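Predicted coordinates and the sequence they were generated for:
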Amino acid sequence: MRRAMGLRRTAAIAVLAVAALGLAGMPAQANPAGRAGRAGGPLPVDPGAARSATRSAAARHATTHTVPNELLKEVLAEGDDDGQGEEADLSALCQSFITQPNPYRPLRRDVDAIRDDQIVQAGTQQGCSTAQNETTIAVNPFNPRNIVAGSNDYRLFNTREARNDASGFAYTSFDGGRTWRNVQLPKLTFQTGATGQLNIMDSAGDPAIAFGPHDTVYYANLVFSRATVPAGDQGASGLVVSVSHDGGLTWADPSIVQLDGVAADGSHVPTTFFNDKEWIGVDPIRGTAYVTWTRFTFNAAGAYQESPIMSRRSVDGGRTWGDAARISPSLVGFTGGITPFSQGSNPVVTADGTLQVAYESSVCATAACDQPTDHDAVVVGTSRDGGQTFRNTEVGLDFDFPRNADTGRASLTGENFRINSYPQLTVDRFTGRLWVTWADDRNGQYNGSMSVRTNGDAFLATSANGRDWSPTLTLGTPQDEVFPAVAALAGRVAVTYYTRHYDPTGIKLDYAFQSGWGRFVTHDRIRRLSSESSDPSIQFVAAGLVTGKVLQGVFIGDYTAVAVGVDFQLHPCWTDFRGNPGVTKPNQDVMTRSVSLLGDDD
């Protein structure tokens, strides 16, 4: 009876919400949720063969700040550690299960979105089911049963690299997430038939999906070449957008948003730029689309200069893109404040056409960022003129996470996978209120500048206009929470995240959420979404930079996702490590589940 009453209440509220949205001219759209430094894109299945920069201990900045963790500027300046010192004879943990039964129980209410997974053909994961990680999801604003998700999908073999590498796949549902079709995006990379200037690209990643009006779906990806280039050359990279006009069943060839390091004939040319960590937001009324990204800038010797957040706009359904606009402040005439040492942008478009972009940035007294009060912060850039100019506002302190010297990246105590504190932003299509979430380690244990034990938590702030923000709210448990995502509708807010709360050993992860009316979300108990804890060490292996020891599970993706439909059904989407028991062996798969935003599932 309670369940039936809850469903009736959900339906009634949904009808009222849709009616109000229609009167306001605002179709409800759940913005998809929102990497570590430059070239922080998807790792190759055999990371040891990837192009990487060597970071020396001498290059690190001594900690001079009140916050003990390295500033984002310092992390980004240290370069790319994707190589992780991997040896060719390493074996990923997934290989130990090839001849063994899957130890996990059959899936219950959580649903594996991956269909027709393939087997890794070479490298440290040979014989394992291919990985899918770093998730994105969006719900059709007019048909809540139509959902499209995506990830870094490694099921295709790149003959030029002689290994599996990430390509673009859409996972499409028309029954509210019960079943999924897997659709390959055409011509993003070499292995997906790219021609012309995109033929040089070996990998696609940083997936980001958003719905526009009329069943139109926009799917943004980073593409880049893994070819070895001379010192100082950043290699070929670009941003592309694929568009579907039938809710995600079929996709057109990609349009190019930004391209560097590629000549008109498709050959490589030297470049001092690298494009990274794109995201896409779409105007739910007018259909205007915006892609934001990080534009890493280096000098001729390859030294990091800045990484401003940039934006381009399309007003013709993603076919063409306008001139790039800079969101981050400039270093020219810099007198202190928000710097262009930035990463992790996440845009949304509100009902009046305002573009709001959340990102992380160092906030410093000088461009050197060497003063005690210098710190990282979550920042929101606001544009009311179609993305031409921006006003940047500091939302709150971003404490970051401690660096693990052996992995070369920030990580949790006892884990090897890299983590970050980049924000995710959403807008409540009913109230117009903005909500931004991120995770950091301000509640961890430190001895001076040294981390003793992490205690990552999710944080949340809200604003009615993008300029005036609430005090920071805290969500989570005494255990670690990382990679949060946020969704909101009609005053109801949900924050999802990974947590170590349910595993007594403190190693396995679950996906969970909290929901509530507005700021009362912090009063809600944590609710488990995954039906069983799973070990994130299953895929992607490396050798320790300091110890030389085998490090399992160095990459699980750099974010998770959640979206909500006008039926108040919440659709979390995360990387799970169980595979599909009974179908595949343990591996990284995209997991989803449908739950009520109103808590009627309890």
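Noted; the coordinates are in hand.

right, and Phe430 touches Leu489 too?
Yes: in this structure Phe430 lies within contact range of Leu489 using C-beta atoms under 8 Å: 5.8 Å. In short, each C-beta sits where N, CA and C put it, glycine included.

Quickly list what the residue nearest to Thr179 when sequence neighbours are not counted is bridged to.
Ranked by C-beta to C-beta, 6 or more residues apart in numbering and with sequence neighbours excluded, the top spatial neighbour of Thr179 is Ser173, at 6.3 Å. Going by DSSP bridges, Ser173 is paired in beta bridges with Ile147.

So for Phe430 and Leu489, which residue has more residues nearby?
Using other C-beta atoms under 10 Å as the criterion, Phe430 and Leu489 rank with Leu489 on top: 29 against 22.

you'd agree that one is up against Leu598?
No: counting by C-beta under 8 Å, Leu489 does not reach Leu598; the two are 9.8 Å apart.

any common contacting residues for these two?
Residues touching both Leu489 and Leu598 (C-beta atoms under 8 Å, 6 or more residues apart in numbering) are Phe568.

which stretches of the stretch 51-200 of the chain form strands?
Assigned by DSSP state E, counting those that start in this stretch, the strands in the stretch 51-200 of the chain fall at 111-112, 132-139, 147-158, 163-173, 181-184.

Redo those as CSV? Include mean neighbour count and distance to Ala301.
Output for the strands of the stretch 51-200 of the chain, formatted as CSV (neighbours: other C-beta atoms under 10 Å; distance: least, C-beta to C-beta, whole Å):
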stretch, mean neighbour count, distance to Ala301
strand 111-112, 19, 47
strand 132-139, 30, 31
strand 147-158, 27, 30
strand 163-173, 27, 29
strand 181-184, 17, 40
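
would TSV of those strands with mean pLDDT be doable?
Compiled in TSV, the strands of the stretch 51-200 of the chain are given as follows (pLDDT from 0 to 100):
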stretch	mean pLDDT
strand 111-112	98
strand 132-139	98
strand 147-158	98
strand 163-173	97
strand 181-184	98
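
looking at those, which is closest to Thr292?
Closest approach to Thr292 among these is made by strand 132-139 (14.2 Å; C-beta to C-beta).

and the angle from the closest one to strand 163-173?
Strand 132-139 runs at 20 degrees relative to strand 163-173, counting by axes from the mean of the first three to the mean of the last three C-alpha atoms, to 10 degrees.

tell me what strand 132-139 is packed against?
Contact analysis of strand 132-139 by 3 or more C-beta pairs under 8 Å, 6 or more residues apart in numbering; DSSP states H and E lists strand 147-158, strand 203-211, strand 561-564, strand 569-576, strand 589-592 as its packing neighbours.

need the ones you listed in CSV with distance to Gly261, can you?
Output for the helices and strands packed on strand 132-139, formatted as CSV (distance: least, C-beta to C-beta, whole Å):
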stretch, distance to Gly261
strand 147-158, 18
strand 203-211, 14
strand 561-564, 29
strand 569-576, 29
strand 589-592, 30
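
Tell me which of those strands lies nearest to His268.
Closest among those, using C-beta to C-beta: strand 203-211, at 15.0 Å.

Note down every partner strand of that closest one and its orientation.
Counting by DSSP bridges, the strands paired with strand 203-211 are strand 217-224 (antiparallel).

So which residues of the chain form helices?
Assignment of helices within the chain using DSSP state H yields the ranges 2-24, 72-77.

and the gap between the residue nearest to Ala231 when sequence neighbours are not counted and Gln234?
Counting by C-beta to C-beta, 6+ apart, Ala231 lies nearest to Gly302, which is 5.7 Å off, once chain neighbours are set aside. From Gly302 over to Gln234 the distance is 8 Å, taken as C-beta to C-beta, to the nearest Å.
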